[in-house]
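K.L.:
Okay, predicted coordinates and the sequence, questions at the end:
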Amino acid sequence: MASANLTAARLRELFLYDPTTGVMTWRVARQRIRVGSVAGSASSSGYLLVVVDARQYRVHRLAWLYQTGSWPRFAIDHINGNRSDNRFENLRDVPLSVNSQNQRISHKDKKLGQSLGVGWHVLAGKWVARISVSGKEKHLGLFDTEDAAHEAYLKAKRILHPGCLI
């Protein structure tokens, strides 16, 4: 793994990490960076990124390395869904399939309703709830309101997605 080039020892030379706040600060001065300044800047995806030894890293992965001494085996999931909340208690090392089950926000590009798992069924003139399980879409029913469809989706999600924490 390419990220294994950075060791926990090197990371701890350069940064301080507070696991209760999730804030990583610089321990050393660098060009325009002062000792004690917060490390990382927000990317367009919402993750905090920092450059270490000419290589870019996501701060949540560095937090994992800092705390455990080893790189995560899988994806780091932000339990509460907030990609910039890097408190250690909010991070878990899980397979990508489990990480994706913790999705909380609808993908706007999928022509869904505003609620996760909900869309408008044009022919029926009702809201439809659907959930994906093992790569297959499961129809959960048609509903008069978007809220009712979303509730059906959440009920199914809590049963069918063990990685879900909502």
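P.N.:
That came through fine. Because the structure is a prediction, the values reported are computed rather than measured. Numbering: from 1, shown residues only.

K.L.:
Need the residues that contact the least confident helix or strand in the chain by mean pLDDT.
P.N.:
Across the helices and strands of the chain, mean pLDDT, DSSP states H and E gives its lowest value to helix 96-101, namely a mean of 77. Applying CB atoms under 8 Å, 6 or more residues apart in numbering, the external contacts of helix 96-101 come out as 74, 75, 77, 157, 161, 162, 163, 164. (Glycine included, C-beta is placed from N, CA and C.)

K.L.:
do stretch 34-49 as well
P.N.:
If you take CB under 8 Å, 6+ apart as the criterion, stretch 34-49 is touched by 15, 23-29, 50, 56-60, 83-84, 86.

K.L.:
Can you give me the first-to-last residue distance of that stretch?
P.N.:
17 Å (CA to CA, to the nearest Å).

K.L.:
Please point out which parts of that stretch sit buried.
P.N.:
Across stretch 34-49, burial judged by 16 or more other CB atoms under 10 Å covers 39, 40, 47, 48.

K.L.:
Looking at it now, give me its mean pLDDT.
P.N.:
On average, the pLDDT along stretch 34-49 is 95.

K.L.:
Also stretch 135-153?
P.N.:
93.

K.L.:
Sort out which residues of it are buried, please.
P.N.:
Quick answer for stretch 135-153 (16+ other CB under 10 Å): 140, 143, 146, 148, 149, 150, 152, 153.

K.L.:
Was I right to think the third one contacts residue 119?
P.N.:
No. Contact between residue 146 and residue 119 fails when scored by CB atoms under 8 Å: they sit 9.3 Å apart.

K.L.:
packing partners for the helix ranked longest in the chain?
P.N.:
Under DSSP state H, the helix in the chain containing the largest number of residues is helix 146-160. In terms of contacts (3 or more CB pairs under 8 Å, 6 or more residues apart in numbering; DSSP states H and E), helix 146-160 is packed against strand 118-121, strand 126-133, strand 136-143.
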